[in-house]
Structures are given as structure tokens and as C-alpha cells.
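Visitor: quick one: sequence plus predicted model below, questions after.
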Amino acid sequence: MLYRIPNAVRHDSKLLRRGNTETYYEYAFSFLATKCVFVIYNSKNLINMVESLKCFWRADKFENESFGKIRKIFIMVTYIWKGYMFVVCVFCIYLCILPLLDIQSKMLILTNFTLCNSRILTCWLANYVWQVFLLWLQGLPTVLGFDLLFIIFTAYVCAAIKLLKIGLTKLNTDDLYKRKHILRNIINQHDFMMNFVNVMNDMFTTIMFLQFYCSLWSLVLTQYMMVADRIYYGSYLFVFALQLYLYAYSGALLQIELQSLSDDIFYVDWYKQESTKLRQSLALMIQRTQNAKVLTAGKIPILNLELFVNTLKNSYSVFTLIWQVASASKDVHG
């Protein structure tokens, strides 16, 4: 697909004009509508997933031994979320203030969908108020709500893994009946957790692929506009990269926790258990944990930090290609 880009850019002079490039870039904001459709279409499944969070073990399952560790997870998630929300809100305020400082600048979002001719001051003000209303009542709640839901699901799974690790340490008892009872609870919780991860992945994988695809091209065009004309698009670049990092970090954290869980199950010395049923159950837990889907983005195997870095690298590579072709085209025609 990338080999077609040079010809497309060379023969399409519209892409080389800053205004049109900016317009193409702003279509990336229409991805918010896709997220709205996703939430509406999967509303029942999302409600069921939220209700199923009650089936996870409580933080005080093993009293103080577990409560402190689970509390640290959710404190970390709270700080990350507050920081992310602060950055996004500041960015939205920036989007609202920028047109007031430079009335010749582009409007906030969806510049091709205006109520009237923006060259007239009264119409410009009407479009501005309409887009501010759209930004704060649809755009911001959609972004924050969707991202918060994804983070909460991931945090609950990570907390469940921590509790399972503590539960595995309780298997070191001489009482065979008690050991079987503990293992039965661990297996049930592990089975529920893995099913939850599978449902979560199946639901989010397509929208995650679209997220990374749209963000890739948004990063490319943002870099193009920063170099071509306006440096203030660096704020767009930062927010897009931050959002991608949030998803990638969540996937990477879940991947690491699942891998460590399979190691902890192995070090319980499952092969030394007297009961054949105990050995088989622990072996199946190891196998299922190692073969877990974790989180994926479409056909991309794992949603992790490596994918985040590759997305940044690819966006810079495509930007460099487009910039070189654009520069060559200007030299030829001018």
C-alpha cells in the first residue's frame, strides 16, 4: 500500500496545500463518531461486562495480605487517569482558545461541516459556539468514557492476577482437603478471569485496530503540518501519542502479569502434587495462561509498548516519504 503514496502525492496537488492537508487531518476527529457507534452497538455487552466485575475476588479476599497490593494498583490507575484527564481537558481548552486568538485560523473540528459561511462574523461565532458545544458534550465525554472503561477492565484483570498469585501461596499446606478447596476456588476464578479477557479482547480488538490506524495517519499529517506551517500542531501530536501510549501500556501490563502468573503456577511445584487431579488442573492453568489472547488490535498479535514504538516509527517514516515527495514536486513545478 505504501508504494502508492509517492504517485498519489505527486499527482494530487491538493494534498500539498496546507488548507486541504489540514482538512484531511481533521477528518481523524470523526473517529469519535465511530467510538460512539461502538458504545451504542455494544451497550448490552458492556453493561454485562461491568456487572460481571462483581464476580472478581474482593481486594480483602486474603485480608491485609491482599488488600495492600490491590490498593496500590488502583491508586496507580487513579493517578494515571487523573493525569490523562488533565492533559485532555487542557488540550480541549486550548482548542477553544486558539480560534479566538487568531480568527483566521481553522475552527476546532469538523471544519467542512459548518452551519453557515464562516467568512461572515456572525456565522463564524455561530459555528464556533456549535463546535465548542460539540467538543465538550460529545467529543470529550466519548474519549474519556471509552478510555476509562478500557483502563478499568484492564485494572480489574491485573488485580485478579495479583489475588490469584496470593492464592497460589496458600496451596503450601499439608491438609489435602484444604488444598483441594483452595485450588477449586483458584481454578474457578482463573477460568472466569480468562473468559473475561477473551470477551474483552473480542469486543475491543476491531476498535483498537481502527484507533491505531487513524492515529497513525493523524500523527503523519500532524508532523507534516508542523514542518510545513504551524508549530502549534505539536500539541496534537503529544495528545495522540499519549492516548496510544495509554492503550499500549495497558496491554503490556496485562501481558507481563499473565506471564508472571504462569511462572508462579509452575513454581508451586505442580508436578510434585500427590493428587493427579491437582497436577492436571495446575498444568491446564499454565497452558491456558500461556496461550491467552491478551489484548490484540485486529490482526496485530499483541497490544503492547512494542506496537506503540512501531506506530511512532512508521508514522515518521511515512511523513518523511510524503515530505520528500512534496518537496520534489515543489522543485519541479516551481
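Guide: On my side now, so go ahead.

Visitor: which SSE is the one residue sitting closest to the centre of the chain in?
Guide: Residue closest to the average C-alpha location in the chain (CA atoms, centre = their mean): residue 247, at 2.7 Å. Taking DSSP states H and E as the criterion, residue 247 maps to helix 234-266.

Visitor: any idea how far residue 55 is from residue 288?
Guide: Residue 55 sits at a distance of 18 Å from residue 288 (criterion: CB to CB, to the nearest Å). Yep, even glycine has a C-beta here, placed from its N, CA and C like the rest.

Visitor: number of nearby residues for the residue lying closest to residue 232 once chain neighbours are set aside?
Guide: Spatial nearest neighbour of residue 232, chain neighbours left out: residue 98 (7.2 Å); criterion: CB to CB, 6 or more residues apart in numbering. Residue 98 has 15 neighbours, counted by other CB atoms under 10 Å.

Visitor: for residue 240, same thing?
Guide: Around residue 240 there are 19 residues (other CB under 10 Å).

Visitor: for it, list the residues it contacts.
Guide: For residue 240, the contact set (CB atoms under 8 Å, 6 or more residues apart in numbering) comprises 215, 218, 219, 222.

Visitor: what's the distance between it and residue 168?
Guide: 40 Å.

Visitor: quick check, pLDDT for the closest residue to residue 205 other than its chain neighbours.
Guide: Leaving aside its chain neighbours, residue 205 sits nearest to residue 296 (5.0 Å; criterion: CB to CB, 6+ apart). For residue 296, the model assigns a pLDDT of 81.

Visitor: ok, residue 296 touching residue 201?
Guide: Yes. Counting by CB atoms under 8 Å, residue 296 touches residue 201, with 5.9 Å between them.

Visitor: scan the chain for its longest helix.
Guide: helix 176-228 (DSSP state H).

Visitor: which other helices and strands does that helix contact?
Guide: Counting contacts by 3 or more CB pairs under 8 Å, 6 or more residues apart in numbering; DSSP states H and E, helix 176-228 packs against helix 18-26, helix 31-41, helix 43-52, helix 140-169, helix 234-266, helix 276-290, helix 305-333.

Visitor: OK, contacts around residue 196?
Guide: 49, 52, 153, 156, 157.

Visitor: the first one and residue 201 touch, don't they?
Guide: When you say that, I think you mean residue 49. No. Judged on CB under 8 Å, residue 49 makes no contact with residue 201 at a distance of 11.7 Å.

Visitor: tell me the spacing between the residue nearest to residue 147 when sequence neighbours are not counted and residue 325.
Guide: Excluding its sequence neighbours, the residue lying closest to residue 147 (CB to CB, 6+ apart) is residue 246, at 6.3 Å. As for residue 246, its distance to residue 325 is 33 Å (criterion: CB to CB).

Visitor: just the element for the residue nearest to residue 232, please.
Guide: helix 64-101.

Visitor: now the angle from that helix to helix 234-266?
Guide: With axes from the mean of the first three to the mean of the last three CA atoms, to 10 degrees as the basis, helix 64-101 and helix 234-266 are set at 170 degrees to each other.

Visitor: what is the distance between helix 64-101 and the centre of its chain?
Guide: Distance of helix 64-101 from the chain centroid (CA atoms, centre = their mean, to the nearest Å) equals 14 Å.

Visitor: next, the buried residues of stretch 178-191.
Guide: 179, 182, 183, 186, 189, 190 (16 or more other CB atoms under 10 Å).

Visitor: my error: substitute stretch 284-300 in the last question.
Guide: Buried-residue list, stretch 284-300, by 16+ other CB under 10 Å: 285, 286, 289, 292, 294, 295, 296, 297.

Visitor: and if you look at stretch 237-253?
Guide: Here stretch 237-253 shows 237, 239-241, 243-253 as buried, counting by 16+ other CB under 10 Å.

Visitor: for that stretch, the averaged confidence score.
Guide: Mean predicted confidence for stretch 237-253 is 88.

Visitor: how about stretch 219-236 as PDB, C-alpha atoms only?
Guide: Taking Å, rounded to 0.1, in the frame of the first residue of the first chain, the C-alpha atoms of stretch 219-236 are listed here in PDB:
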ATOM      1  CA  LEU A 219       0.500  11.500  13.500                       C
ATOM      2  CA  VAL A 220       1.800  11.600   9.900                       C
ATOM      3  CA  LEU A 221      -0.300  14.600   8.900                       C
ATOM      4  CA  THR A 222       0.400  16.400  12.200                       C
ATOM      5  CA  GLN A 223       4.100  16.100  11.600                       C
ATOM      6  CA  TYR A 224       3.600  17.300   8.000                       C
ATOM      7  CA  MET A 225       1.700  20.400   9.200                       C
ATOM      8  CA  MET A 226       4.200  21.200  12.000                       C
ATOM      9  CA  VAL A 227       7.000  21.300   9.500                       C
ATOM     10  CA  ALA A 228       5.000  22.900   6.700                       C
ATOM     11  CA  ASP A 229       3.400  25.700   8.500                       C
ATOM     12  CA  ARG A 230       2.300  25.700  12.200                       C
ATOM     13  CA  ILE A 231       4.300  24.500  15.100                       C
ATOM     14  CA  TYR A 232       1.300  24.600  17.400                       C
ATOM     15  CA  TYR A 233       0.200  21.200  16.000                       C
ATOM     16  CA  GLY A 234       2.800  19.700  18.300                       C
ATOM     17  CA  SER A 235       0.100  19.700  20.900                       C
ATOM     18  CA  TYR A 236      -2.000  17.500  18.700                       C
END
